[in-house]
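Trainee: This is a predicted model, with the sequence first.
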Number of protein chains: 2
Amino acid sequence: MMAEIITIGDEILIGQIVDTNSAWMAQELNKIGIGVAQITSISDTPVHLVNAIDDAQLRADVIIITGGLGPTKDDRTKKVLAEYFNAELVTHQPTLDHVTDFFKKRGLGVNQLNKDQALVPECCEVLHNPSGTAPGMWFEHNGKIVISMPGVPFEMKGIMQDAVLSRLKDKNGGGAIVHKTVHTIGIPESILAEKLEDWEDALPEFIHLAYLPNPGQIRLRFSAFGNDEAQLKKSVELEIEKLKTIIPEAIFGYDNDTLAGVVGKMLMDKKATVATAESCTGGQIAHSITSMPGSSGWFKGSVVAYSNNVKAGVLNVSDDDIDKYGAVSEQVVKQMAGGVRKLTKADYSVATSGVAGPDGGTDEKPVGTVWIAVASPDEIIAKKFTFSNNRERNIIRSSQTALNMLRLVLEKK
Amino acid sequence: MMAEIITIGDEILIGQIVDTNSAWMAQELNKIGIGVAQITSISDTPVHLVNAIDDAQLRADVIIITGGLGPTKDDRTKKVLAEYFNAELVTHQPTLDHVTDFFKKRGLGVNQLNKDQALVPECCEVLHNPSGTAPGMWFEHNGKIVISMPGVPFEMKGIMQDAVLSRLKDKNGGGAIVHKTVHTIGIPESILAEKLEDWEDALPEFIHLAYLPNPGQIRLRFSAFGNDEAQLKKSVELEIEKLKTIIPEAIFGYDNDTLAGVVGKMLMDKKATVATAESCTGGQIAHSITSMPGSSGWFKGSVVAYSNNVKAGVLNVSDDDIDKYGAVSEQVVKQMAGGVRKLTKADYSVATSGVAGPDGGTDEKPVGTVWIAVASPDEIIAKKFTFSNNRERNIIRSSQTALNMLRLVLEKK
């Protein structure tokens, strides 16, 4: 069974928003063995939607449409679908009750725009929207399924989880797809490809491999296609075991693992804690750590020391050393790591100090120069890196590299 | 002149990566008056690419393809394009020199995979890739332009900026599109739509309005279509002036403005500085501030106080008050704001303490309960909010709300 995703909205076509919905839906569909043939973003003009639905039916059994269901004048999907399926718009009483209740709970009254959210084409099955006021709609027509949902990500997700995925899984029956991703760090793509060439050539036909570069990382994605999910998983695991013997040091995680999550697990296993002292990364390491649920169990906190008086006054870095060596130096970054470890009573700490850009570079320390330190109960190590001339990438690469240095220290303990 | 974007790669169709390239390209094309008719994500099978190119030519004059140009086996775009345009693959010497030099600078040798990056279909014009090894390619065929570029975002951006956009602008000639976005915060979408109804109905035909919701924010996007760019801009500005009189307090910025950037500008104008003390936001406020180039001029730093001993030990919050009122309380958040202001010698500060979830909620303080404080030279104010049960959205909404509270304080001064 194949699906297609159609996202509606000029905001995607003019580049104002990035389409994150499609990636999420594709992941969920893959999990239940339904592949996605194409993702299409179109304008909210009626004729374009009609053409896109016609077109998608040539390739797919299920067409999922998001967007254009809001209460405002630029939202036209519902009317177009009613015409497409030759149906009247009628009031769906449970939805009207839900909408009224939704606003009442927030201490608000209901206006006509809100009430119109309960109008649906009479041929559809209504899909309850627990997080919003625009319901989803399920149409079956000429053996194809057409599903329409709001474009607001958490509303779409609620409807998919509650009312769409399990039904599609039942309709799909057999057919399995297994994806598994291995995260590597520290080896450039072409060198990795060379190292893996013989192993890659020997992969079985039904397993596909893809290289996916991220700043400083390469992800290796295995996709296996067949009918027996358990057997596919086993075959992929076998290949990963072989892979581990070729690049043991570079693999840090699998699938949804993140460096912060992997480091967190290592710390929890050791019942140890960490803190961060961040200059050039500006809170990004703390943010990536605290995005993990449960991180309060192993993360003490962070000092974002953007000014030298915070480095000296809060982290106890020597003013003289800042003057003598500069804020971006081995001496200062080591004192930052030591200082935050002591201040927060953490077992480990990481510290960053660098020139993220676009300003602040010198001949001696150009934009992209970053010092990173890791403090453990025994010692403080520091290393200098030269990244790029792009602020955003420098912040990400510095954060990733700091977490990876901590990972390597924790592995040795 | 219309364009279409085709992105190639199973990683998009299985939902492993979010397609950010298309949004960026669409923005840049709009700026030079070229609209995007459709964005299509397809698998890296040759037949799908051929069909997508054929299909796009029916709607567009320019077809931009990204992806499938890496050095590894899963990258097939170049071969397919050579066959599509019936051309041989030949070595492009300047690209081979660039590739060799690229690896030499990094202290690495060149392998066969790297050398193959310099092979291109002989009918294309090669577009230099300053940030990577796979060159872009420009084809002209039956009056249509087909451009192929790598999918790695910063490589694609480098080629677009250096070799694509100015040429497309020349080819486009007249035809103007003007987009302008107004950022609002604090008014729910349906209430906003009601307030704006009369004004919206009176908008001229050539100006389209769209409502784009974000967590806690609604963006209003104006799109004006015509031939005279200056005149279109003037018409949009006129409508925005009218809008300001209807919702003066809710508008905080325009286009690429962010709350952090707007607050930063206000602080710079006052020659004042800010610091943050973050519990539930975990460094996200500091991160959104330090993502702004030049923020070191007005941002002192942050203490991410994830554990109570950091709240007490570093920020000088009373241990007794933490015991008596809990960490998520008016008393504690005010002391956090006051503490970090004093510690960093900043003029202003913001502090957050809340239950981000998924754990940690109680009957009295359920997940989503957040206290936010703003300290200024005169006073410390605090406010309690009830957000959602989703960790990620709670972190974002808390950060946005804290920055907005600071904005409102700064506006009054």
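Mentor: Happy to help now that I have it.

Trainee: where does the nearest residue to A:Gly361 once chain neighbours are set aside fall, phi/psi-wise?
Mentor: Using C-beta to C-beta, 6 or more residues apart in numbering or on different chains and skipping residues adjacent in sequence, the residue nearest A:Gly361 is A:Val367, 3.8 Å away. C-beta: built from backbone N, CA, C; applies to glycine. As for A:Val367, its main-chain torsions (degrees, to the nearest 10) stand at phi -50, psi 130.

Trainee: these two touch, right, A:Val367 and A:Val355?
Mentor: Yes - between A:Val367 and A:Val355 there is a contact under C-beta atoms under 8 Å: 5.1 Å.

Trainee: Who has more neighbours out of the two?
Mentor: Neighbour count, other C-beta atoms under 10 Å in any protein chain shown: between A:Val367 and A:Val355, A:Val355 has more, with 24 against 20.

Trainee: re the thing from before, now the common contact residues for A:Val367 and A:Val355.
Mentor: Common contacts of A:Val367 and A:Val355 (C-beta atoms under 8 Å, 6 or more residues apart in numbering or on different chains): A:Gly361.

Trainee: any idea how chain A splits into domains?
Mentor: Annotated domains of chain A cover A:2-172, A:176-253, A:259-412 [automatic domain parsing].

Trainee: now, of those, which is deepest in the fold?
Mentor: Across the domains of chain A, averaging neighbours per residue (mean count of other C-beta atoms under 10 Å in any protein chain shown) puts domain A:259-412 on top, at a mean of 22.

Trainee: measure that one end to end?
Mentor: End-to-end distance for domain A:259-412: 17 Å, by C-alpha to C-alpha, to the nearest Å.

Trainee: got it, and stretch A:357-370?
Mentor: 11 Å.

Trainee: for that stretch, what is the average pLDDT?
Mentor: The average pLDDT for stretch A:357-370 rounds to 91.

Trainee: chain center to that stretch: distance?
Mentor: Stretch A:357-370 sits 30 Å away from the centroid of its parent chain (C-alpha atoms, centre = their mean, to the nearest Å).

Trainee: and stretch A:372-384, does that touch chain B?
Mentor: No - using C-beta under 8 Å from any C-beta of the partner chain, stretch A:372-384 stays clear of chain B, coming no nearer than 15.3 Å.

Trainee: Next to chain B in this structure, residues from the stretch 51-200 of chain A, please.
Mentor: A:70-74, A:106, A:108, A:111, A:113-114, A:133, A:152, A:154, A:179, A:181, A:188-191, A:193-194, A:200.

Trainee: Inside helices: which ones of the residues you listed?
Mentor: Per DSSP state H, helices hold the following members of those: A:Leu113, A:Asn114, A:Phe154, A:Glu189, A:Ser190, A:Ile191, A:Ala193, A:Glu194, A:Glu200.

Trainee: wait, the second one sits on A:Arg106?
Mentor: No - counting by C-beta under 8 Å, no contact exists between A:Asn114 and A:Arg106, whose distance comes to 11.4 Å.

Trainee: and A:Asp101, what does it touch?
Mentor: A:Asp101 neighbours (C-beta under 8 Å, 6+ apart): none.

Trainee: May I have the helix or strand harbouring it exported as PDB, CA atoms only?
Mentor: Counting by DSSP states H and E, the element that carries A:Asp101 is helix A:93-105. The C-alpha coordinates for helix A:93-105 follow below in PDB (Å, rounded to 0.1, in the frame of the first residue of the first chain):
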ATOM      1  CA  GLN A  93     -23.300  18.400  15.900                       C
ATOM      2  CA  PRO A  94     -20.600  16.600  18.000                       C
ATOM      3  CA  THR A  95     -18.000  18.900  16.400                       C
ATOM      4  CA  LEU A  96     -20.100  22.000  17.200                       C
ATOM      5  CA  ASP A  97     -20.400  20.900  20.800                       C
ATOM      6  CA  HIS A  98     -16.700  20.300  21.000                       C
ATOM      7  CA  VAL A  99     -16.000  23.800  19.500                       C
ATOM      8  CA  THR A 100     -18.300  25.500  21.900                       C
ATOM      9  CA  ASP A 101     -16.800  23.600  24.800                       C
ATOM     10  CA  PHE A 102     -13.300  24.300  23.600                       C
ATOM     11  CA  PHE A 103     -13.800  28.100  23.800                       C
ATOM     12  CA  LYS A 104     -15.800  27.900  27.000                       C
ATOM     13  CA  LYS A 105     -13.000  26.200  28.800                       C
END
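
Trainee: Identify the residues contacting the residue nearest to A:Gly361.
Mentor: Neighbour list for A:Val367: A:Val355, A:Ala356, A:Gly357, A:Pro358, A:Asp359, A:Gly360, A:Gly361, A:Asn389, A:Asn394 [criterion: C-beta under 8 Å, 6+ apart].

Trainee: now A:Ile285
Mentor: By C-beta under 8 Å, 6+ apart, the contact set of A:Ile285 is A:Ala260, A:Thr276, A:Glu278, A:Ser302, A:Val350, A:Thr352, A:Ser399, A:Ala402, A:Leu403, B:Gly283.

Trainee: out of the domains of chain A, nearest to B:Leu238?
Mentor: Closest to B:Leu238 of those, according to C-beta to C-beta: domain A:2-172, at 19.9 Å.

Trainee: okay, how far is it across that closest one, tip to tip?
Mentor: 9 Å.

Trainee: now that domain, how far from the centre of its chain.
Mentor: In terms of C-alpha atoms, centre = their mean, the centre of domain A:2-172 is set 22 Å apart from its chain centre.

Trainee: Show the average pLDDT along it.
Mentor: The pLDDT scores in domain A:2-172 average 91.

Trainee: How about stretch A:293-300?
Mentor: 94.

Trainee: From one end of it to the other, what's the distance?
Mentor: Start and end residues of stretch A:293-300 are separated by 14 Å (C-alpha to C-alpha).

Trainee: when you scan it, is anything in it near chain B?
Mentor: Yes - judged by C-beta under 8 Å from any C-beta, stretch A:293-300 comes into contact with chain B at A:Pro293, A:Gly294, A:Ser295, A:Ser296, A:Phe299, A:Lys300.

Trainee: For the stretch 201-350 of chain A, just list every one of the helices.
Mentor: Taking DSSP state H, counting those that start in this stretch as the test, the helices found in the stretch 201-350 of chain A are A:229-246, A:259-269, A:284-290, A:308-313, A:319-325, A:330-344.

Trainee: CSV for the ones you listed, including mean pLDDT?
Mentor: CSV is the format used below for the helices of the stretch 201-350 of chain A (pLDDT from 0 to 100):
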stretch, mean pLDDT
helix A:229-246, 96
helix A:259-269, 97
helix A:284-290, 96
helix A:308-313, 93
helix A:319-325, 96
helix A:330-344, 97
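
Trainee: can you tell which of those is closest to B:Lys271?
Mentor: Short answer: helix A:308-313, nearest of the helices of the stretch 201-350 of chain A by C-beta to C-beta, at 16.2 Å.

Trainee: one step back: dump the contacts of A:Val367 into CSV; add distance to B:Ala250 and secondary structure as well.
Mentor: What follows is the contacts of A:Val367, written out as CSV (distance: C-beta to C-beta, whole Å; DSSP: H, G, I helix; E, B strand; the rest coil):
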residue, distance to B:Ala250, secondary structure
A:Val355, 38, coil
A:Ala356, 33, coil
A:Gly357, 34, coil
A:Pro358, 32, coil
A:Asp359, 33, coil
A:Gly360, 36, coil
A:Gly361, 40, coil
A:Asn389, 38, coil
A:Asn394, 35, helix
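
Trainee: With that, I have no additional questions.
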